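**Q** I'll drop the sequence and a predicted model, then ask my questions.
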Amino acid sequence: MTQCVYLVVLLLCVGLMCPLATGIFMDKLSSKKLCADDDCVYTISLARAEEDYNASDCRFINIKKGQLIYVYSKLVKEKDSGEFWAGSVYAEQYEDHMGTIGYFPSSLVSEQHVYQEANKTVPTTVRNLQKP
């Protein structure tokens, strides 16, 4: 019994030092996006979901038919990629999803109101936010 415990402890230690999983590579959706400002923090428009959508991975958000979505950026379509927008969901009956931000297919929503034009082209790469 003691040998079994030592073996389990040894395997745990080795596992902690040499993790087997290194992460999952996900294809880039686009290299550019359209925003209202350089940091993509201002709302471009308000859209309403025309259909339900279940997120395919952690970059996307679930939306329910009739749900309102604040749109912050629109990915520039490249090659065979789909057309995706980024936004946060909002609707009283879906309070558990309020404030969740992610991508969703633009074909599943209709814009209800445009607040400002998305005329800034911004790269989708991560920028270093530290001051020089």
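**A** Happy to help now that I have it.
**Q** ok, E78 - contacts?
**A** By C-beta atoms under 8 Å, 6 or more residues apart in numbering, E78 lies in contact with S30, S31. The C-beta positions use only the backbone N, C-alpha and C, and glycine is treated the same way.
**Q** Kindly report the same for E111.
**A** S45, L46, A47, V71.
**Q** Where does it sit, in terms of helix or strand?
**A** E111 is part of strand 109-114, with elements assigned from DSSP states H and E.
**Q** Mind checking what helix or strand follows that strand in sequence?
**A** Downstream of strand 109-114, the first helix or strand assigned by DSSP H and E is strand 120-123.
**Q** quick one: strands adjacent to that following strand?
**A** Strand 120-123 sits in its sheet next to strand 32-35 (antiparallel), going by DSSP bridges.
**Q** If you count neighbours, what's buried in the strand it pairs with?
**A** Buried residues in strand 32-35, counting neighbours by 16 or more other C-beta atoms under 10 Å, are found at K32, K33, L34, C35.
**Q** So which residues of the protein form helices?
**A** For the chain, the helices defined by DSSP state H occupy 2-17.
**Q** show me where it has strands.
**A** For the chain, strands defined by DSSP state E occupy the ranges 32-35, 45-49, 68-75, 84-90, 101-105, 109-114, 120-123.
**Q** To D57, which of the ones you listed lies closest?
**A** strand 101-105 (9.5 Å; C-beta to C-beta).
**Q** V114: which of the buried residues of strand 32-35 is nearest?
**A** Out of these, the member with the shortest distance to V114 (by C-beta to C-beta) is L34, at 12.5 Å.
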